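Enquirer: need a 3D model of the following:
(chains A and B)
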Amino acid sequence: MIYDPYSVFEKEVEGLVKHAVKELYDLELLKIDLEEPPPGHGHLAFKCFELGRRLEIRPDVVARQLKDKIDKMKKECIERVEAERGYLNFYAHVERIAAIVGESISIVGEKYGFNPSLAPKNIIVEFLSANPVHPIHIGGARNAILGDALARLLEWRGHKVRRHFYVNDMGRQVAIAAFGYELLGRPKPWTKPDHAIGFIYATTSCLLEIKRLKEELNLARRYGKDMEYRSKVKELDEWVGVAARLRERNEEMFDRLVDSFNKEAEPERKISFIMKLYEEKDPDVVKLIREVCELCIDGFKETLSRVSIYFDSFDWESEITAWSGLTQEVIRRLEATPYVAYSKGTMIFLANEVVKDYDLGEKFGVPKGFEVPPLTLMRSDGTTLYTTRDIAYTIWKFRHANTVINVIGAEQKVAQLQLRLALVALGYKQMAENLIHLGYELVKVPGMKMSGRTGQYVTLDELLDESIRRANAEVQARSPGLPDEERKRIAEIVGIGAIKYSLLAVSPSKPVTFVWEQVLNFERNSGPFVQYAHARAHNIMVKARERGLKPHLHPEQLRDPLEKELVMMVAKWPNIVKKASDKLRPDILCEYVNDLSMVFNSFYDKLPVIRAESRELGEARLWLVNVIRVVLKNCLGILGIPAPTRM
RNA sequence: GGCCCCGUAGCUCAGCCUGGAUAGAGCACCGGCCUUCUAAGCCGGGGGUCGUGGGUUCAAAUCCCACCGGGGCCGCCA
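Expert: Numbering: from 1, shown residues only, chains lettered A, B, ... in the order given. Reported below is the predicted structural model:
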């Protein structure tokens, strides 16, 4: 069974080169590095520079000698070989490749591209895990869309994947939101629940900040610290501005919250108390906190269902790590290692010592000269901290999987490293090695400082609304005849596709600069562009069926350079899946699918299928169109972008 | 101060890991193409000191060093 037609071609080229080198120079090459030549120079190239240096023969001479040798050898998927400068260029036998694709697709059918690994893993992908105190914003959207695409990409590589959402219900943020919620008398949400909680959280945070700054201001004035005083005044001004903006959003709620807040003598202490009681599983506090979190998560689910993202499991931090006693066990066991010390009344984990003792610097990618900072394991009041609980959570995850991928912002790099080092200290070296932090950079919105604490963010809900609104206008303009119902359905698909594509197309390590005009551009290099190509391919299939034309592969009929290029591109699809999956890089799919769509559009424009010159040619082209349709559909599917049949 | 990521066309991004053939797309701009499978399309055009300066190499956007600019981390936040 051939899942990956392109690799057949690659392997043959490798074999020929190896064989020829052996025969000509009596040299065993272990690894053959092949690359893609520029257009017009074949399909795979072997560079003869390094070999030439080893043999002390000019590379162009090596290339010619190899060509002469290979010319005499038997070839399957290779039409010819050319020596050009220091390169040996292999031209694929496109007809044979087409036949292999045909064979493969006749077996796997609509699943074409599925390319199972020889060592399938049991993987938990943890992603999104947004704090349940505000709506999902653009940064969270990148995480969700990336994690979701990644999960599917891994499944297409034959891995067993489960999607987990870690509910951080034990953090300070949640306690703040719960405190505010309580001050308001646990109101019924007056809007989408996560937006309501987001408002309460931001307002409460803001009031806390203002109170703190006022107190610090008084101290600074009393002790005549002029510089400090002025900087605090400035900071206070900013928060007062934040307060004003929040009040504009909902005067009634804002004022009510201020009133109750001002009656509290020591809000900070109360918040700490909430956290402590929750960790101790005090029933009243549990009810309060759960109520806040559930409201927020209900909002998340509503938003996520719009973009078809679902989780197999919502893992409550409190249950898994604290109430189960697992975190305490982790602390006890860490305490028994030589890597725990006490500093200012708290317990700390000496992460850097683990790096040194186990010589993990290189393995874990610790930069030279970088001291991994110690990790504080507990607060002085005995409550635990996030990363400490995350150690427990990770151990829990490994009870259900052998590989864990955490899709978490790059800013948590150090914490993720400390986590892995703690696992090593606990004797779980294997876990530490199979724990992958897929860090991604944040989404920048020009002219806006996003922050949940100040309530300043572009939410995924708004983003979707705007994109769909825009798509609706676009569909209206382009296909005026459509009934309302269908127009709306298409607008939804297009609007969502545009957003997902734009957030997926940038490699995770790069910050995305969010520009509305860019995201809502429905032309080339966009989700809708690819969706359009799919709709076109689909439409040709429908029209052909109506006219009784059936797809049939006649390899010799596909002679146009565009047809050949398309055959090579679809042959490569399973190989792209492999590469993107193993590198955890969905953006590679975006690039590929965009290229495929471009070439397909040129083909569409130039070469008629239904009205082809002959029946055979029509059947062959229809076969090609069908493969392209399957590839587009599957690639969009992995990316989580719906593939419309009409636009 | 230490460390990490990023810097490629006016704008948004590929390419860098694994050095080699004229540095690729898209947007915007200019000019063409709808009696023929949907023009969200196609064809053509202009536009680049690959942040700067060194180094390694026959060969550097790619590797090394320094510096500059943007972001991030170094917390009894998550």
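
Enquirer: residues near the closest residue to A:F261 other than its chain neighbours, how many?
Expert: In space, A:F261 comes closest to A:L207 once its chain neighbours are excluded; the distance is 4.9 Å by C-beta to C-beta, 6 or more residues apart in numbering. (C-beta placed from N, C-alpha, C; glycine too.) Using other C-beta atoms under 10 Å, A:L207 has 24 neighbouring residues.

Enquirer: how about the residues of the stretch 201-350 of chain A by RNA strand B?
Expert: The stretch 201-350 of chain A has residues A:K344, A:G345, A:T346 near RNA strand B, with proximity defined as C-beta under 7 Å from any atom of the strand.

Enquirer: save these as TSV, and put in neighbour count too.
Expert: What follows is these, written out as TSV (neighbours: other C-beta atoms under 10 Å):
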residue	neighbour count
A:K344	7
A:G345	9
A:T346	15
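
Enquirer: ok, those vs A:N89, which is closest?
Expert: Among these, A:T346 lies closest to A:N89 (C-beta to C-beta), at 64.5 Å.

Enquirer: where does chain A have low pLDDT?
Expert: Along chain A, no part satisfies pLDDT under 70.

Enquirer: could you chop it up by domain?
Expert: A:5-92, A:172-308, A:460-638 (automatic domain parsing).

Enquirer: do you know which of these lies nearest A:L326?
Expert: Using C-beta to C-beta, the nearest of the domains of chain A to A:L326 is domain A:172-308, at 13.0 Å.

Enquirer: report the distance from that closest one to the chain centre.
Expert: Its chain's C-alpha centre and that of domain A:172-308 lie 31 Å apart, by C-alpha atoms, centre = their mean, to the nearest Å.

Enquirer: so how far does it reach from one end to the other?
Expert: The first and final residues of domain A:172-308 sit 30 Å from each other (C-alpha to C-alpha, to the nearest Å).

Enquirer: flag every residue of the stretch 1-150 of chain A that's near RNA strand B.
Expert: Looking at RNA strand B, the residues of the stretch 1-150 of chain A close enough under C-beta under 7 Å from any atom of the strand are A:33, A:35, A:37-42, A:45, A:47, A:49-50, A:53, A:59, A:84-87, A:89, A:131.

Enquirer: can you do 10 Å?
Expert: A:31, A:33-53, A:59, A:63, A:82-90, A:129-133 (C-beta under 10 Å from any atom of the strand).

Enquirer: can you point me to the longest helix in chain A?
Expert: Ranked by residue count, the top helix of chain A under DSSP state H comes out as helix A:193-222.

Enquirer: what ranges does the stretch 151-300 of chain A have for its strands?
Expert: Using DSSP state E, counting those that start in this stretch, the strands found in the stretch 151-300 of chain A span residues A:160-167.

Enquirer: show me where it has helices.
Expert: Counting by DSSP state H, counting those that start in this stretch, one finds helices in the stretch 151-300 of chain A at the ranges A:172-183, A:193-222, A:226-249, A:251-262, A:267-279, A:283-306.

Enquirer: for the fifth one, which residues meet the burial criterion?
Expert: So that's helix A:267-279. Buried positions in helix A:267-279, judged by neighbour count with 16 or more other C-beta atoms under 10 Å: A:P267, A:I271, A:S272, A:F273, A:I274, A:M275, A:K276, A:L277, A:Y278, A:E279.

Enquirer: what's the neighbour count on the residue lying closest to A:L183 once chain neighbours are set aside?
Expert: Excluding its sequence neighbours, the residue lying closest to A:L183 (C-beta to C-beta, 6+ apart) is A:S260, at 4.0 Å. Other residues near A:S260 come to 15 when the count uses other C-beta under 10 Å.

Enquirer: equivalent analysis for the one 4 residues further on, please.
Expert: Neighbourhood size, A:E264 [other C-beta under 10 Å]: 14.

Enquirer: give me the nearest residue to it, chain neighbours excluded.
Expert: Nearest to A:E264 is A:K270, by C-beta to C-beta, 6+ apart, at 6.5 Å.

Enquirer: which among the buried residues of helix A:267-279 gets closest to A:E546?
Expert: Proximity of the buried residues of helix A:267-279 to A:E546 (C-beta to C-beta) peaks at A:Y278, which lies at 63.9 Å.

Enquirer: residues touching the closest one, list them.
Expert: Counting by C-beta atoms under 8 Å, 6 or more residues apart in numbering, A:Y278 touches A:D169, A:M170, A:A175, A:V285, A:V286, A:I289, A:S318.

Enquirer: which phi and psi values does the first one adopt?
Expert: When you say that, I think you mean A:D169. Reported as degrees, to the nearest 10, the phi and psi values for A:D169 are phi -90, psi 0.

Enquirer: and the second one, by the same measure?
Expert: When quoted as degrees, to the nearest 10, the phi and psi of A:M170 stand at phi -110, psi 0.

Enquirer: so who does the closest residue to it other than its chain neighbours touch?
Expert: The spatial neighbour of A:M170 that comes closest, neighbours along the chain excluded (C-beta to C-beta, 6+ apart), is A:E317 at 5.0 Å. By C-beta under 8 Å, 6+ apart, the contact set of A:E317 is A:Y166, A:V167, A:N168, A:D169, A:M170, A:R389, A:Y393.

Enquirer: how many other residues sit next to the fifth one?
Expert: Residue neighbour count, defined by other C-beta under 10 Å, stands at 24 for A:M170.

Enquirer: let me see the contact set for it.
Expert: Contacts were defined as C-beta under 8 Å, 6+ apart; by that measure A:M170 touches A:M275, A:Y278, A:E279, A:E317, A:S318, A:T321, A:A322, A:T384, A:Y386, A:R389.

Enquirer: so which of these are in helices?
Expert: For the contacts of A:M170, the ones inside helices are A:M275, A:Y278, A:E279, A:E317, A:Y386, A:R389, with DSSP H as the criterion.

Enquirer: picking that back up, my guess is the residue nearest to A:F261 contacts A:D259. True?
Expert: No: contact criterion C-beta atoms under 8 Å: A:L207 and A:D259 do not qualify, at 10.9 Å.

Enquirer: helix/strand/coil for the residue nearest the centre of chain A?
Expert: Nearest to the mean C-alpha position of chain A, counting by C-alpha atoms, centre = their mean, stands A:L146 at 2.0 Å. Three-state call for A:L146 (DSSP: H, G, I helix; E, B strand; the rest coil): helix.

Enquirer: who's in contact with it?
Expert: Contacts of A:L146 by C-beta under 8 Å, 6+ apart are A:F127, A:V407, A:L438, A:Y440, A:L503, A:L504, A:P508, A:P586.

Enquirer: switch the cut-off to 10 Å
Expert: A:127-128, A:407, A:438, A:440, A:500, A:503-504, A:506, A:508, A:584-587, A:640 (C-beta atoms under 10 Å, 6 or more residues apart in numbering).

Enquirer: from A:H538, how far off is it?
Expert: As judged by C-beta to C-beta, to the nearest Å, A:L146 and A:H538 stand 27 Å apart.
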